[in-house]
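Novice: quick one: sequence and predicted model below, then my questions.
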Amino acid sequence: MPVAKPSRKRWYLGFGLLVLLGAGAAWAARLNGASSEVDSAKVAVAERGTMVRSVVATGKIEPITKIEIKSKANGIIKALHVDVDSVVSPNDVLVELDREQLEATLRGAEANLQAARASLEGAQASLKEHRGSGGPRR
């Protein structure tokens, strides 16, 4: 079977179609902002060496468990023997309170105790006197 030769018309039509496709591709590339210039900040020279990995992250580190230390004693702190994140053992002294205020509070409590004892003695004497004078007995 003989092979038919394409006519010149067909050949010109195919060539024109290729030119149109090329022009359309160039026009589309220009619209998308594609340029032939390369930013020098994004260019690196390839070299041999040891690979080093580093990660930079921002955030907040939070402990798994949190312990609050509270004291029953009130007062002014005289000395603080530990800092945040210090490792402590049982019976370690963490804080010393100012003794002046504590001693003043103690003296006030002792005076109140003496007054209460004197009041108790007076009440007991009054009771004894009342019972001794023939008052009602229980």
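Specialist: Ah, there it is.

Novice: go ahead and confirm residue 73 touches residue 99.
Specialist: No - checked against C-beta atoms under 8 Å, the pair residue 73 and residue 99 is beyond contact range at 11.1 Å. Quick note: C-beta positions are derived from backbone N, CA and C, even for glycine.

Novice: out of these two, which sits in the more crowded spot?
Specialist: Ranked by neighbour count (other C-beta atoms under 10 Å), residue 73 and residue 99 place residue 99 first, with 12 against 8.

Novice: helices of the protein, start to end?
Specialist: Taking DSSP state H, the helices of the chain run over residues 8-31, 99-132.

Novice: out of those, which gets nearest to residue 84?
Specialist: Residue 84 lies closest, by C-beta to C-beta, to one member of the helices of the chain: helix 99-132, at 25.4 Å.

Novice: give me the pLDDT for residue 115.
Specialist: pLDDT for residue 115: 96.

Novice: low-confidence ranges, the chain, go.
Specialist: Across the chain, the ranges flagged by pLDDT under 70 are 1-6, 32-36, 134-138.

Novice: point to the residue nearest the middle of it.
Specialist: Centroid check for the chain by C-alpha atoms, centre = their mean gives residue 60 as the closest residue, at 4.0 Å.

Novice: next one: it from residue 80, what distance?
Specialist: 25 Å (C-beta to C-beta, to the nearest Å).

Novice: okay, now residue 105: neighbour count?
Specialist: Residues near residue 105, counting by other C-beta under 10 Å, number 13.

Novice: next up, the contacts around it.
Specialist: The contact partners of residue 105, by C-beta atoms under 8 Å, 6 or more residues apart in numbering, come to none.

Novice: any idea how far residue 73 is from it?
Specialist: Distance from residue 105 to residue 73, by C-beta to C-beta: 10 Å.

Novice: then residue 18?
Specialist: 94 Å.

Novice: ok, now residue 127?
Specialist: Remark: distance between residue 127 and residue 73 (C-beta to C-beta) = 38 Å.
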